[in-house]
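K.L.:
Below are the sequence and a predicted model; questions follow.
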2 protein chains.
Amino acid sequence: MTNKKSLKSALHEVEGIQQPATTNDSSIKKIKRQRRKQPTEEEFVEKIIEGDISYLSRAITLIESTNSNHQKKATAILEQCLPFANKSVRIGITGVPGVGKSTFIEAFGKYFTKQNKKVAVLAIDPSSSINKGSILGDKTRMEELVKDQNVYIRPSPSGSSLGGVAQKTRETIILCEAASFDVIFIETVGVGQSETAVHSMVDFFLLLKLAGAGDELQGIKRGIIEMADAIVINKADNDNKKYAELAKNEFTRALHLYPPKESGWQPQVTTCSAIYNEGIDTVYKIINDYFNLTKSNGYFEKHRNEQNNYWFLETINYQLITNFYNKKRVKEGLKKYKEDIKNLKTTPFKAAQEILKLSKK
Amino acid sequence: MTNKKSLKSALHEVEGIQQPATTNDSSIKKIKRQRRKQPTEEEFVEKIIEGDISYLSRAITLIESTNSNHQKKATAILEQCLPFANKSVRIGITGVPGVGKSTFIEAFGKYFTKQNKKVAVLAIDPSSSINKGSILGDKTRMEELVKDQNVYIRPSPSGSSLGGVAQKTRETIILCEAASFDVIFIETVGVGQSETAVHSMVDFFLLLKLAGAGDELQGIKRGIIEMADAIVINKADNDNKKYAELAKNEFTRALHLYPPKESGWQPQVTTCSAIYNEGIDTVYKIINDYFNLTKSNGYFEKHRNEQNNYWFLETINYQLITNFYNKKRVKEGLKKYKEDIKNLKTTPFKAAQEILKLSKK
């Protein structure tokens, strides 16, 4: 009487026919075959220098890989690309979510491409591995740039530590420069320590702001304002225009209270409306003035040398730590010692000394 | 005619008699003799556990020393003190200069000592080595506490890196606990990354604020508010009282917007006037409630274990890097490679790989 199959409930579903596989066997084989056929280092370098975006992309994937063979190959490619690097201008762009970074980069990027410049857009977002909501992950937010042949957009590498993510981005800059990109934007969200990392690898640091929002709301650290070479108040359109002007005056006054910069540059404040493409020319002029000044007074060279020194030490520290934790003995030891620390059988200091000794055996 | 000696000018000074030496030879000998006579590790440990402040101080000096023999001795003392540690409550206190940290610690410390508790006051100020203006350096700001036999005040260790400074403070906590201090305050200024370091070594994190000052002015990062277990609005006296109440309401509302804490604790906001000794009892009650809650729901233990794990890894990383840069070969190599980087003869990555290889020889 209660045969479930025959019960004509409103929730009853008719069983459908079997669906075809969602993947195509011959496609899978083709993909595998191509993957196996990795280009040589020399092929990579040659193609990157020609400006081949597909090879550039694949080389960046090697940089981002955690596989040690991939890393070795990436290092070799990097070294051979170095003589062709160092020729772009590197511009850091920060601002909290909602300030309009993508729209600004779209408008500003187009300003460069119209002058036949090649533009690469990179990002540093150490949180991307946690919340998966990587900035730049959604390329559709830069609708027009993404279609431009002279533009290369790459989302933030993922990684558990900011140091690692920054390292990879720094190396990616070198590859993009070898591929003849003239301008490199590096985007980050101004809420963590990532903007310090970006600041350490760019020539010019641009802070995007909104009018009317207090700093508490915008979540921008005081230190970031000190880093900025320009503050651009975005969304200066319609009813917002007068507030943007007020904010501009306020920031201009505030910036004068900071001590002069080593570069000799007085940070500038301007307004723009990225979505209506207004004020972008002023931003361009500011950046141009900056490069004219710093290239003539020697600061540009000096600053890049300091950044190189910084990255020299950062690379050493990062490698020291990565090499250590990759040792099999250390991996095993870590588990054991963490358990011992938990059970109060040992202390952090003692355990650290012991695992350091262990790793040397 | 113009014999200078005999010229009776208004600026003429009669030569005085020779002054006695400002130091006493026999005193100098005595000091040198005592210095030479370093106590043994066992003497140190025994005296520290007895609560001998003078030995505690000297052991902390060993921790802070850069001399490798001193460091070895410090590690040995530390290890033997460990079974006696872990019994205090550790309270972090942060706030920008001018918020009244010293006055607050003085008032709050006395609240504990009146209950026959022993109070240690430490500090983390990574800038102290640069501007020499160490917080807590001026003990006279805690006039009454400094005279109390149950109080030990120690200024921030100096050091070039926050990691090193934090490491030393963390070790100092252990020694203070072994010397039976019941409460350990760790003070820091809320403007850099030092408060993150302090947060990683305390059970309770207290943020001192002023009424009326915007966050931009107070220079407090948004992240610090998220870390706070209590926000105490200081200087709530006289005309300031009503502004302090307004600020209290504002912060209370703001804190409710943050996601709940893992500890299950809802951060509290209160006002006080440290200088008039008002509201200190409420702060005490809040902290007491916190410890009652977290000790009963298991968070206290869990949190300390997480902190231990964090310090386990931090100690390893710090040691790896310190050991590396202390190698003679590395010191020499660094100079050479920095020069090569400057002259664009090599790149940061390549130089880093080479110096890492060099160090292994």
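P.N.:
Yep, that arrived.

K.L.:
just for the stretch 251-361 of chain A, where's the confidence low?
P.N.:
Applying pLDDT under 70 to the stretch 251-361 of chain A picks out no residues at all.

K.L.:
Which residue ranges of it form helices?
P.N.:
Secondary structure of the stretch 251-361 of chain A, counting by DSSP state H, counting those that start in this stretch: helices at A:280-296, A:299-326, A:328-342, A:348-360.

K.L.:
Buried ones in the longest one, by neighbour count?
P.N.:
If you call a residue buried by 16 or more other CB atoms under 10 Å in any protein chain shown, then helix A:299-326 has these buried ones: A:299-300, A:307-309, A:311-321, A:324. For every residue, glycine as well, the C-beta is placed using N, CA and C.

K.L.:
Stretch A:153-160 too?
P.N.:
Using 16+ other CB under 10 Å as the burial criterion, the residues of stretch A:153-160 that qualify are A:I153, A:R154, A:P155, A:S156, A:P157, A:S158, A:G159.

K.L.:
what about it, near chain B?
P.N.:
No - counting by CB under 8 Å from any CB of the partner chain, chain B has no neighbours in stretch A:153-160; the shortest distance is 12.1 Å.

K.L.:
what is the mean pLDDT for that stretch?
P.N.:
Stretch A:153-160 carries an average pLDDT of 80.

K.L.:
ok, now stretch A:22-33?
P.N.:
Averaging pLDDT along stretch A:22-33 gives 77.

K.L.:
What are the contacting residues of that stretch?
P.N.:
By CB atoms under 8 Å, 6 or more residues apart in numbering or on different chains, no residue outside stretch A:22-33 reaches it.

K.L.:
Now do the SS call for the residue nearest the centre of chain A.
P.N.:
By CA atoms, centre = their mean, chain A has its centre lying nearest to A:A123, at 2.0 Å. With DSSP: H, G, I helix; E, B strand; the rest coil as the basis, A:A123 sits in strand.

K.L.:
Quick check: phi and psi on A:T94?
P.N.:
For A:T94, the backbone dihedrals (degrees, to the nearest 10) come out as phi -130, psi 160.

K.L.:
Neighbours of it, how many?
P.N.:
Applying the criterion other CB atoms under 10 Å in any protein chain shown, we find 25 residues in the vicinity of A:T94.

K.L.:
gap between it and chain B?
P.N.:
Look at A:T94 and chain B: by CB to the nearest CB, to the nearest Å, they are 15 Å apart.

K.L.:
who's that residue bridged to?
P.N.:
A:T188, A:L207 (DSSP bridges).

K.L.:
so what's it up against?
P.N.:
Neighbour list for A:T94: A:K101, A:E187, A:T188, A:V189, A:G190, A:E195, A:V198, A:F205, A:L206, A:L207, A:L208, A:I224 [criterion: CB under 8 Å, 6+ apart].

K.L.:
before we move on, what about A:E43?
P.N.:
By CB under 8 Å, 6+ apart, the contact set of A:E43 is A:Y55.

K.L.:
Show me where chain A has its strands.
P.N.:
Per DSSP state E, chain A carries strands over the ranges A:89-94, A:119-124, A:151-153, A:183-188, A:204-210, A:230-234, A:268-271.

K.L.:
Tabulate these (TSV), appending distance to B:A21.
P.N.:
Below are the strands of chain A laid out as TSV (distance: least, CB to CB, whole Å):
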stretch	distance to B:A21
strand A:89-94	60
strand A:119-124	62
strand A:151-153	75
strand A:183-188	61
strand A:204-210	57
strand A:230-234	60
strand A:268-271	61
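
K.L.:
where's the dip in pLDDT among the contacts of A:T94?
P.N.:
Going through the contacts of A:T94 one by one, the lowest pLDDT turns up at A:G190, 61.

K.L.:
need the contact list for A:V198.
P.N.:
With contact set as CB under 8 Å, 6+ apart, A:V198 has these partners: A:G92, A:T94, A:I124, A:A166, A:I186, A:T188, A:F205.

K.L.:
my guess is the fifth one contacts A:D203, does it?
P.N.:
Going back to what we said before, that points to A:I186. No - using CB atoms under 8 Å, A:I186 is not in contact with A:D203; the gap is 10.6 Å.

K.L.:
Quick check: neighbours shared by these two?
P.N.:
Common contact partners of A:I186 and A:D203 (CB under 8 Å, 6+ apart): A:R90, A:I91.

K.L.:
ok, these two, which is more surrounded?
P.N.:
Taking other CB under 10 Å, A:I186 and A:D203 do not tie; A:I186 has more neighbours (28 against 22).

K.L.:
distance of that one from A:F104?
P.N.:
The gap separating A:I186 from A:F104 is 13 Å, by CB to CB, to the nearest Å.

K.L.:
Please enumerate the shared neighbours of those two.
P.N.:
A:I93.

K.L.:
and the residue lying closest to A:V45 once chain neighbours are set aside, what does it touch?
P.N.:
Nearest in space to A:V45, with sequence neighbours left out and distances taken as CB to CB, 6 or more residues apart in numbering or on different chains, is A:Q80 at 4.5 Å. Taking CB under 8 Å, 6+ apart, we find A:Q80 in contact with A:E41, A:E42, A:V45.

K.L.:
Taking the residues you listed, please make a ChimeraX selection of just the buried ones.
P.N.:
Buried members of these, defined by 16+ other CB under 10 Å, are picked up in ChimeraX with:
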select /A:41,45
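
K.L.:
and the contacts of A:Q80, which of them are in helices?
P.N.:
Cross-referencing those against helices under DSSP state H gives A:E41, A:E42, A:V45.

K.L.:
Could you export those residues as JSON lines, including distance to A:K72?
P.N.:
Converted to JSON lines, the ones in helices among the contacts of A:Q80 look like this (distance: CB to CB, whole Å):
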{"residue": "A:E41", "distance to A:K72": "10"}
{"residue": "A:E42", "distance to A:K72": "15"}
{"residue": "A:V45", "distance to A:K72": "15"}
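
K.L.:
how about those in CSV, adding pLDDT and distance to A:E143?
P.N.:
Below are the ones in helices among the contacts of A:Q80 laid out as CSV (pLDDT from 0 to 100; distance: CB to CB, whole Å):
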residue, pLDDT, distance to A:E143
A:E41, 93, 36
A:E42, 94, 37
A:V45, 96, 33
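
K.L.:
Closest one to A:A74 out of those residues, please.
P.N.:
Using CB to CB, A:E41 comes nearest to A:A74 of the ones in helices among the contacts of A:Q80, at 9.4 Å.

K.L.:
wait, doesn't the closest one sit right on A:I77?
P.N.:
Yes - between A:E41 and A:I77 a contact is recorded at 5.5 Å, counting by CB under 8 Å.

K.L.:
which residues are in contact with both of these two?
P.N.:
Common neighbours of A:E41 and A:I77, counting by CB under 8 Å, 6+ apart, are absent.

K.L.:
got a list of what the one residue in the stretch 1-150 of chain A that gets nearest to chain B touches?
P.N.:
With CB to the nearest CB as the measure, A:L82 is the residue of the stretch 1-150 of chain A nearest to chain B, at 5.0 Å. By CB under 8 Å, 6+ apart, A:L82 lies in contact with A:I174, A:A178, B:T347, B:F349, B:K350.

K.L.:
so who does the third one touch?
P.N.:
Pointing back at B:T347 there. Neighbour list for B:T347: A:E79, A:L82, A:N308, B:I341 [criterion: CB under 8 Å, 6+ apart].
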